[in-house]
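> Okay, structure incoming, though there's no sequence with it:
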Ligand SMILES: Nc1ncnc2c1ncn2[C@@H]1O[C@H](COP(=O)(O)OP(=O)(O)OP(=O)(O)O)[C@@H](O)[C@H]1O
Ligand SMILES: O=c1[nH]c(=O)c2[nH+]cn([C@@H]3O[C@H](COP(=O)(O)O)[C@@H](O)[C@H]3O)c2[nH]1
Ligand SMILES: NC(=O)CC[C@H](N)C(=O)O
Ligand SMILES: [Mg+2]
């Protein structure tokens, strides 16, 4: 990984909490750059980043267990401000001369904190005697303080809920300030980075854009870059940023695999041609993809065929251009965070995500990944900075394998056509109802099942269409969207009336887990 040279960085040491990413979100919302580093490599991360302050995350571990993780001592020797959260508080106490005990007074969920003493971290926020809702999730708790610390706020089950050693700028809390159920938590984190660590909140997207453009120029020099452009927000923003940096050294390639949504390839090409003067190849490879997929019904086989063809088509097109030294990808920060796993062993493959991932090794190209420090909503802000139209910025994610994985059972051209029409009507109804932005992802699925219906007094025997809509933050977990029945009825009626081949519509009310978002 390339060295990041942010002058004012906050280091977040990850001990494996479910919500470590939220700490990073809160720090960035305060206009401060930060990186998450797993505890195993925290010392190396500390040296690499030269941070201005450190935050220690929560953890499923207990400091009382032999071999449980610790913060590297370099952090406490550095004299920098440190904020310990939950396990972070417990390990701070264990490491600095206090004690932690287990077993009694577990607290999960809402609790109320009472401020006992003034603290410089509370400036402009909390005063003595005030009460505040916080969110707890712990079984262990601190029972004696390390030297230099004092209690500044308590909760009924956590007498050491908020402790501080103002002289050393050490603060530690038993609750989780990073979650929304701690209403003032974001402000506490902002106070820590601004007032305690003295970092200005000037990490903005326009600063990021300028810096990214500069480092792309440095990396690429006068050589050539190609970018697989799907029209999704990640690859679109990556392409625009690289185009700003190196102009016509960039060629974008959009592969139309015949599995796109209605009019999608044409819309993407039109938007880029209208707004930007970048070189974009629109490759119609639909016969090749559909030819190989026709009749294939196993989900993993479909995905593997598509992944292979993506790479073949891309490789051929790149060769025609005389090759390229770099491949641009819209890799985001959540993809590169090395999350701490306590379960050990490799996790099972639920599905193989396949796009153009295998290219760099096959073609001996280097990667350009200008978004690898950003979260998705930050990518959207950057897209706005770069003038990307709103209709592209707010787009629902769309998987590389496209409609192939929304057509369970054998794929045929006819089924894809039916699905494309139904999907377009469904999305049209969602937009008309003003629901598009409230939903994370919505689409139609064409089931390989025919059912009997009656239309115009005649018997029909046609396909079932399932509608899916979910809310989510990152696609890792999701809840089905709670439509009102009027809306579903309206969408179903239009689909059945307007799409030949469908005579029944059902709504998918499965969350993830246990379901996945896509059906295959
Ligand atoms: N039809 C396509 N043509 C060219 N490249 C594609 C195509 N589909 C996917 N890709 C490549 O695969 C990458 C991963 O796809 P993915 O869907 O995760 O991201 P995205 O399309 O950029 O954004 P989003 O997640 O919002 O859909 C894309 O960024 C793009 O580089
Ligand atoms: O680029 C992609 N290539 C793929 O192979 C792929 N499979 C699923 N998805 C998208 O990932 C998110 C989570 O999907 P699942 O819950 O179905 O695993 C959802 O947003 C899915 O649409 C993919 N995206
Ligand atoms: N959320 C946490 O960090 C919990 C810390 C520790 N596992 C406890 O139960 O107290
Ligand atoms: Mg996509």
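All right, it came through fine. Given the structure is predicted, the values throughout are model-derived calculations rather than measurements. Ligands and ions are numbered 1, 2, ... in the order given.

> what stretches of the stretch 201-350 of the chain score poorly on pLDDT?
337-349 (pLDDT under 70).

> Could I get the full set of strands for it?
In the stretch 201-350 of the chain, the segments counted as strands under DSSP state E, counting those that start in this stretch are 225-228, 250-256, 279-284, 326-328.

> What strands line up against the longest one, and which way round?
Paired strands of strand 250-256, with direction, are strand 225-228 (parallel), strand 279-284 (parallel) (DSSP bridges).

> Go through these and pick out the most buried.
strand 225-228 (a mean of 26; mean count of other C-beta atoms under 10 Å). Where you see a C-beta, it was placed from the backbone N, CA and C, and this is true even at glycine.

> Residue 29 against residue 180, yeah?
No - assessed by C-beta atoms under 8 Å, residue 29 is found out of contact with residue 180, at 11.9 Å.

> So for those two, which sits in the more crowded spot?
residue 29 (14 against 11; other C-beta atoms under 10 Å).

> so who does the more buried one touch?
186, 190 (C-beta atoms under 8 Å, 6 or more residues apart in numbering).

> In what element of secondary structure is the nearest residue to residue 459 once chain neighbours are set aside found?
Using C-beta to C-beta, 6 or more residues apart in numbering and skipping the chain neighbours, the partner closest in space to residue 459 is residue 452 (6.5 Å). Taking DSSP states H and E as the criterion, the element that holds residue 452 is strand 441-455.

> Dihedrals phi and psi, the closest residue to ligand 2 within the stretch 351-500 of the chain?
Nearest residue of the stretch 351-500 of the chain to ligand 2: residue 399, at 3.2 Å (C-beta to the nearest ligand atom). Main-chain torsions, residue 399, degrees, to the nearest 10: phi -70, psi 150.

> count of neighbours near it?
23.

> my guess is it meets residue 405, correct?
Yes - using C-beta under 8 Å, residue 399 is in contact with residue 405, at 6.3 Å.

> And residue 383, its phi and psi?
The phi/psi pair for residue 383 (degrees, to the nearest 10) is phi -60, psi -40.

> Who are the contact partners of it?
233, 236, 237, 240, 392, 393.

> what about it, distance to residue 142?
44 Å (C-beta to C-beta, to the nearest Å).

> swap in residue 440?
For residue 440, the distance to residue 142 - C-beta to C-beta - is 39 Å.

> neighbour count winner among these two?
residue 142 (27 against 18).

> Does the more buried one lie in a helix or a strand, and which?
Going by DSSP H and E, residue 142 is in strand 141-144.

> Name every strand pairing with that strand and say which way it goes.
By DSSP bridges, strand 141-144 pairs with strand 99-101 (antiparallel).

> quick one: is the next helix or strand after the partner strand near ligand 3?
Sequence order places strand 107-115 as the next helix or strand after strand 99-101, per DSSP H and E. No - Strand 107-115 does not reach ligand 3 (C-beta under 6 Å from any ligand atom); its nearest approach is 8.9 Å.

> Quick check: buried residues in strand 107-115?
Within strand 107-115, the residues scored as buried using 16 or more other C-beta atoms under 10 Å are 107, 111, 113, 115.

> and the very next helix or strand once past the strand holding residue 142, which strands flank it?
Sequence-wise, the next helix or strand downstream of strand 141-144 (DSSP H and E) is strand 150-155. According to DSSP bridges, strand 150-155 has the following sheet partners: strand 107-115 (antiparallel), strand 158-165 (antiparallel).

> Contacts for the shortest one next, please.
This points to strand 158-165. If you take C-beta under 8 Å, 6+ apart as the criterion, strand 158-165 is touched by 89, 93, 105, 107, 111, 113, 115, 119, 121, 134, 136, 138, 141-143, 145-146, 148-155, 170-175.

> For residue 488, what is the enclosing helix or strand?
Assigned by DSSP H and E, residue 488 falls in helix 485-498.

> cool, residue 431 as well?
Going by DSSP H and E, residue 431 is in helix 413-432.

> quick one: which helix or strand includes residue 396?
With DSSP H and E as criterion, residue 396 is part of no helix or strand.

> My guess is it contacts residue 442. True?
Yes - contact criterion C-beta under 8 Å: residue 396 and residue 442 qualify, at 6.3 Å.

> Give the buried residues for the top helix by length along the chain.
The single longest helix within the chain, with elements called by DSSP state H, is helix 299-320. Within helix 299-320, the residues scored as buried using 16+ other C-beta under 10 Å are 299, 302-303, 305-307, 309-311, 313-315, 317-318.

> Report the contact partners of the nearest residue to residue 129 once chain neighbours are set aside.
Distance criterion C-beta to C-beta, 6+ apart; nearest residue to residue 129, sequence neighbours excluded, is residue 115 at 6.4 Å. The contact partners of residue 115, by C-beta under 8 Å, 6+ apart, come to 122, 126, 127, 128, 129, 130, 131, 132, 152, 153, 162.

> so what's the residue lying closest to the first one once chain neighbours are set aside bridging to?
Which is residue 122. In this structure, residue 122 finds its nearest non-sequential neighbour in residue 115, 6.9 Å apart by C-beta to C-beta, 6+ apart. Taking DSSP bridges, one obtains residue 153 as the residues bridged to residue 115.

> Can you report how many residues neighbour residue 207?
So residue 207, with other C-beta under 10 Å, has 13 neighbours.

> Report the separation between it and residue 131.
Relative to residue 131, and taking C-beta to C-beta, residue 207 is found at 39 Å.

> Could you do residue 13 as well?
30 Å.

> more neighbours, these two?
Neighbour count, other C-beta under 10 Å: between residue 13 and residue 131, residue 13 has more, with 30 against 11.

> packing partners for the helix or strand where the more buried one lies?
Assessed by DSSP H and E, residue 13 sits inside strand 9-14. On a contact count with 3 or more C-beta pairs under 8 Å, 6 or more residues apart in numbering; DSSP states H and E, strand 9-14 meets helix 20-29, strand 33-38, helix 42-49, strand 53-56.

> Turn the ones you listed into TSV, columns for mean pLDDT and distance to residue 503.
Formatted as TSV, these follow (pLDDT from 0 to 100; distance: least, C-beta to C-beta, whole Å):
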stretch	mean pLDDT	distance to residue 503
helix 20-29	91	44
strand 33-38	92	50
helix 42-49	96	58
strand 53-56	98	56
